[in-house]
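Undergrad: Below: sequence and its predicted model.
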Number of protein chains: 4
Amino acid sequence: MKTHTVGVIMNGVTGRMGTNQHLVRSVLAIRRQGGVRVGADLAIVPEPILVGRNADKLHELCARHGVEKCSTDLDNVLGDPAYPVYFDALSTNLRVACVRKAIAAGKHVYCEKPTATSTDEALLLYREAAAAGVKHGVVQDKLWLPGLVKLKSLLDAGFFGRILAVRGEFGYWVFDGFRQTCQRPSWNYRKEEGGSLMLDMFCHWRYVIDNLFGPIGSLVARGSIDVPRRVDERGREFDCTADDSAYGIFALDDGVTIQFNSSWCTRVRRDDLLVLQVDGTEGSAVAGLRECHVQHDSFTPKPVWDPDVEQPINFYANWEKMPNNRAFDNAFKVQWELFLAHVALDAPFRWNLLEGAKGVQLAELGLQSWRERRWVDVPPLA
Amino acid sequence: MKTHTVGVIMNGVTGRMGTNQHLVRSVLAIRRQGGVRVGADLAIVPEPILVGRNADKLHELCARHGVEKCSTDLDNVLGDPAYPVYFDALSTNLRVACVRKAIAAGKHVYCEKPTATSTDEALLLYREAAAAGVKHGVVQDKLWLPGLVKLKSLLDAGFFGRILAVRGEFGYWVFDGFRQTCQRPSWNYRKEEGGSLMLDMFCHWRYVIDNLFGPIGSLVARGSIDVPRRVDERGREFDCTADDSAYGIFALDDGVTIQFNSSWCTRVRRDDLLVLQVDGTEGSAVAGLRECHVQHDSFTPKPVWDPDVEQPINFYANWEKMPNNRAFDNAFKVQWELFLAHVALDAPFRWNLLEGAKGVQLAELGLQSWRERRWVDVPPLA
Amino acid sequence: MKTHTVGVIMNGVTGRMGTNQHLVRSVLAIRRQGGVRVGADLAIVPEPILVGRNADKLHELCARHGVEKCSTDLDNVLGDPAYPVYFDALSTNLRVACVRKAIAAGKHVYCEKPTATSTDEALLLYREAAAAGVKHGVVQDKLWLPGLVKLKSLLDAGFFGRILAVRGEFGYWVFDGFRQTCQRPSWNYRKEEGGSLMLDMFCHWRYVIDNLFGPIGSLVARGSIDVPRRVDERGREFDCTADDSAYGIFALDDGVTIQFNSSWCTRVRRDDLLVLQVDGTEGSAVAGLRECHVQHDSFTPKPVWDPDVEQPINFYANWEKMPNNRAFDNAFKVQWELFLAHVALDAPFRWNLLEGAKGVQLAELGLQSWRERRWVDVPPLA
Amino acid sequence: MKTHTVGVIMNGVTGRMGTNQHLVRSVLAIRRQGGVRVGADLAIVPEPILVGRNADKLHELCARHGVEKCSTDLDNVLGDPAYPVYFDALSTNLRVACVRKAIAAGKHVYCEKPTATSTDEALLLYREAAAAGVKHGVVQDKLWLPGLVKLKSLLDAGFFGRILAVRGEFGYWVFDGFRQTCQRPSWNYRKEEGGSLMLDMFCHWRYVIDNLFGPIGSLVARGSIDVPRRVDERGREFDCTADDSAYGIFALDDGVTIQFNSSWCTRVRRDDLLVLQVDGTEGSAVAGLRECHVQHDSFTPKPVWDPDVEQPINFYANWEKMPNNRAFDNAFKVQWELFLAHVALDAPFRWNLLEGAKGVQLAELGLQSWRERRWVDVPPLA
């Protein structure tokens, strides 16, 4: 087995998501397993260098996880040919400048979403990367959630017949911090710091919908600040300025309607924190993060409206849970492996900066629809 | 115990709903129990005469249920002072003319919804009834469904704290008639015969929302013909011209968002055919037709987003089913009893023709929003 | 991260409770975790020296748990400025003299309950500590039991509406040593050695009631020696001279009644060894040591007295178990951390020697009520 | 089989308890089964005549249940030698006068509890009956509840060894009528109409304790009006003037302590509406209305206090439910059969007017203890 080492600059992975998902469970996990196998004889091994502004934090992170190198001097590291890949998990408002530098330095770039704070900037990144001839990718982790992978397999198999409609529900109860501490970072609830549930989730829903169900033609959206006051990590009260619930109705090009709500102010009575119900002529499915239940037309009950009697049908009963016929790896890691193979061997990888720009676009259009109180069309990008 | 007999003209009760809910389970059930008790010593007993166009059907219905009188001559019956109440369950396009005749004849009128096919006509009925000084009411049965009564008791008790958002889901899978017979009448799917799920359900959602959550300020709606071809009662294929799914987002005057979908093309994976979830600062509830589950803030779980592990929380577990601390009567019958007491004793009854017109208005505005692809405001009626 | 070391004299921790709860699970556990975090950059690390009369036992304890220092010469250690904190877990009759010495030596004192064998002496300790300007605290561990923390959160959130009544049950079956060995120390059952369930538990109930429900106005109490003869640790029979069951009815200043029984002669058929039921206008809760079940008014069943039929209601069913939305640390350790922060940084700490004296007072008044067969009032201490 | 008919005057059985328990489920049920079998060849058949003030109600009751005779003229009926037995279920304040008349008329008397509103009057009834040489009895139905019969069988079998202590809990949540209708009569909550939970229940607890555990030496009691305002049967608000919760500690002559609480303001988390726990040296039992669970010393778990870990013992698990090795008849009917056999054949019957007076006495002493805030002794009656 030959190994091919690929140096990866990891910028901004001292946060919870960056550390857990990208560093520990993706890059380091790939190293632990001996790299990404590509073909019978070759494994690609990522070699990370951590970059950030706080040297103490970086050293502590390195020590804790056995990473050898770190630096606070991004420009210097970008100049080092030992690192052909640049990964960016900075907060969104800092991302564009750094990614542009990396592209300019000839690095292949992989980055978190949203790729930018505006569609124009997001497109700019795409165009510069394309012009520079570097490879590029954007994190679209939800595509590799086991539940969505199972749903995709149903779609590929034609399980649904013709798709009629899709309904998505995302969210859970995030405590406001008064009685119980809040389980999310406080900046999520401050627009001025990049918070906004619509901004956050519409980037996700764009690639989920595009990849599973097809192109979106138009949408109407509405957001709301349901909980106007919260307590932050240090126990201080603050005013919430960013929407914590977001409603969208998406009309696909082929006419299918997708209704999607997202909320941090809802108590969950459904299968999972994210649930997608797909109804088709031949059957339906309800996918969560890890599980997926199906009801084929052949075992669909026939309810009759009669509220005088107790409902004789248990509506959870006629659904079959799909088995785990294969192991599911961490969703972030799966995409990292695909990107590394793309970089090293030119394997196909379609989740690039153009796709990332589409996510920013959908969020932007959602905010516009909310503001203008009307449906807005989704123009093609590029 | 004294009894006071009230003659009731029942027009158009040969259909399934009319026969089952209004004749058998309401009027005849009230007779069987000895009338509506009002005060310690008095019972009001309705005395029905059935009116319709098909004498055979009427006689058969009378025979089957032990009703003594029927007639095919509405004008004649309206002239009979023995019948001070006129009830109308005709198809909507026939209703206005008959109700107007009844009002002109000085009858108290009670009728099914939608009261008319346009807001203007619905308002006309209200104004004529008010001018004539007769009493009037419109069927709003869902208000007395046990599940919604339980939900109302939570609202009255302040269980929710401040209400944050409401989500409604209605519908079930109505077979298209090809493989399995369709369990609804085929006219539901033909616009030219009054079909339209939005028209049908928005009339209901108007009074449900008004009575439970407060006045609606604006809405955006979209309908769809998901299943374009069905097989009717006689086995003939036909083209569906009426929407069989309808999506609405309602913004209440106080800013609360209510998202409501209705569909005859969805396979049900929830508690019941109709489900209303209410989220509030202090607790949430999910009400179905008969049951209502609550989750108070004190036993709300705190989920953390971590799709790498199997979800440790069962999201159906921390919900408590409200007990049946009292018996619940048929929802239609409850409203009939209230209307009869209103007629006989002037007991309060707020579900009148003006309220009925509001339902028609919401359906009309929903269709307009769909057509014009924008939010529309709900102007006050009067 | 800077660390600030605080020397702690631990007197009398060779017993089971002293070793397990105070040394191992509190002080040493705090050391293992790197100290008590106070603010972003500082951790307070306790440095124990064990004091006792039996040098062998002390050395063995040090060796077993990796403690470096011990001494049999209390006076000498009290003279050492390296140890600003004195902790006392001696048997009650030895406590007062030692704590007074520690106060005189200018130490901050923290001690087990009961702080003294009489209210007068307990108050003396408080007054001397206050006059000396040292910081002081008394162990009130039950306040940090997860079940009681959950109950407190309900009280703070106003879950109960107005509180109507409280019932407490404590105890379990302590074998008498004849057929099975006794699972408690034999001195518990000898008055002359400080035994008495009322003495022991009323000290606890005082702070539990004060902190959760408010000030006690008066009480009536009765104790009993239910099992008059037991077998001790060495297999010798002895006469029990101390009460092993104690009944109290407490009337709060605001009129609420709290009925509390404690017994070492009862077989447990309830949720836990200690159970507190709180009934309020809006809901009830039953808290044990770790769990807490709630029943809100909205899902309270409506029983009807009809002993002819089997009870149709399962009275354990309509209760919801509160989730563990956060991790719960050892109750003793939590209070140790608060006391150390109080010593080092003047953080608020209200569980002091005055509060400890109140516990002794309640036990004393309980014994008086039992003797005089009447209700006694609880005068304010100061 | 010979039958011996005994005429029974039933006065005041138009109320719920009187009709259901005494008339239908006792006297008429005994008639339906062919009388009370006494010996191999004889059956005693009660022949009721209903007496009351409202002729309409009496006739309706007779018609509904096939009773032949009724009368509004008590004096006249008392003069009829065909009726040797007088039964009284009037409200308490009317009872004494009527029972005295019946005694004066030479009738055997059987009556509901409380037999009078004061101990003196209750004793007077006893003395007059004794002087007149008539037979007499008082309803003490709870003694024949299946759960208490099972408990009695354990006591008789010596299951408990020496009894150590007893704890009783009675009650349930009675809604106040604001949100949900109240499930008890409103007079229960008005002292001026005879309401008082202490008055009601202490009459019961007297015979329960006397018969199961032995004579009461002294007691301390406290009552409370927990819910001060309720809504009555006709929807009118009223002030509650009678205690709705009552706490008692009873010391038996042999030193055993019995703690008993009763409340209409508690949400039930225990086996049943009434629960009696008996702890003895050899075992314990928890009896409800119909079931009884036992824990023998041999399968008593040995708990250790360690709140750091989740409780490893399920405290509901080591209890065995006693089987229904025989059928249990209605408790009221069983006592009726014993009284009829007593009247007809002089069979022993110890639940007489003296025992009834003891119940009144305990209630009176309870109220005195509450008022005077002290233990009171229970003097012998005679």
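TA: Sure, I can see it. Residues are numbered from 1 along each chain as shown, chains lettered A, B, ... in the order given.
Undergrad: Which strands border the helix or strand hosting A:M10, and is each parallel or antiparallel?
TA: Here A:M10, judged by DSSP states H and E, is contained in strand A:2-11. Strand A:2-11 pairs in its sheet with strand A:42-51 (parallel), strand A:85-88 (parallel), by DSSP bridges.
Undergrad: winner for burial among those?
TA: Each of the strands paired with strand A:2-11 was scored by mean neighbour count; the highest is strand A:85-88, a mean of 26, by mean count of other C-beta atoms under 10 Å in any protein chain shown. Yep, even glycine has a C-beta here, placed from its N, CA and C like the rest.
Undergrad: Which SSE is immediately downstream of it?
TA: As assigned by DSSP H and E, the chain's next helix or strand after strand A:85-88 is helix A:92-104.
Undergrad: Which residues does whichever helix or strand comes after that next one contact?
TA: Sequence-wise, the next helix or strand downstream of helix A:92-104 (DSSP H and E) is strand A:108-111. Residues from elsewhere that reach strand A:108-111 (C-beta atoms under 8 Å, 6 or more residues apart in numbering or on different chains): A:84-89, A:95, A:99, A:102-103, A:129, A:134-139, A:336, A:339, A:343, A:353, A:356.
Undergrad: got the strands paired with strand A:2-11 as CSV, with distance to B:A331 and mean pLDDT columns?
TA: As requested, the strands paired with strand A:2-11 are exported to CSV (distance: least, C-beta to C-beta, whole Å; pLDDT from 0 to 100):
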stretch, distance to B:A331, mean pLDDT
strand A:42-51, 64, 95
strand A:85-88, 58, 98
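Undergrad: Tabulate the ones you listed (JSON lines), appending distance to A:V231.
TA: Listed next are these as JSON lines, based on distance: least, C-beta to C-beta, whole Å:
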{"stretch": "strand A:42-51", "distance to A:V231": "32"}
{"stretch": "strand A:85-88", "distance to A:V231": "31"}
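Undergrad: picking up where we left off before, name the residues of the strand holding A:M10 that come out as buried.
TA: Using 16 or more other C-beta atoms under 10 Å in any protein chain shown as the test for burial, strand A:2-11 gives A:6-11.
Undergrad: Grab the nearest non-local neighbour of A:W305.
TA: B:L273 (6.6 Å; C-beta to C-beta, 6 or more residues apart in numbering or on different chains).
Undergrad: wait, isn't that neighbour in contact with B:G168?
TA: No. Using C-beta atoms under 8 Å, B:L273 makes no contact with B:G168, being 11.6 Å away.
Undergrad: Surely A:R270 is in a helix?
TA: No. Applying DSSP: H, G, I helix; E, B strand; the rest coil, one finds A:R270 to be coil, outside a helix.
Undergrad: Run a quick neighbour tally on it.
TA: 18 (other C-beta atoms under 10 Å in any protein chain shown).
Undergrad: so it makes contact with A:E169?
TA: Yes. Counting by C-beta under 8 Å, A:R270 does reach A:E169; the two are 6.2 Å apart.
Undergrad: Could you list the domains of chain A?
TA: Following the assignment in automatic domain parsing, chain A carries domains at A:2-141+A:330-350, A:143-329+A:361-376.
Undergrad: Need those in TSV (columns: distance to B:D156).
TA: Below are the domains of chain A laid out as TSV (distance: least, C-beta to C-beta, whole Å):
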stretch	distance to B:D156
domain A:2-141+A:330-350	43
domain A:143-329+A:361-376	20
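Undergrad: one step back: other residues contacting the strand holding A:M10?
TA: Contacts for strand A:2-11 (C-beta under 8 Å, 6+ apart): A:18, A:22-23, A:27, A:34-35, A:41-52, A:74, A:77-78, A:80, A:82-90, A:98, A:102, A:107, A:340, A:343-344.
Undergrad: mind running it again at 7 Å?
TA: A:22-23, A:27, A:35, A:41-51, A:74, A:77, A:82-90, A:98, A:340, A:343-344 (C-beta atoms under 7 Å, 6 or more residues apart in numbering or on different chains).
Undergrad: just stretch A:91-103 next, same as before
TA: By C-beta under 7 Å, 6+ apart, stretch A:91-103 touches A:11, A:74, A:78, A:86, A:88, A:90, A:109, A:111, A:114-117, A:121, A:125, A:128-129, A:132, A:134, A:194.
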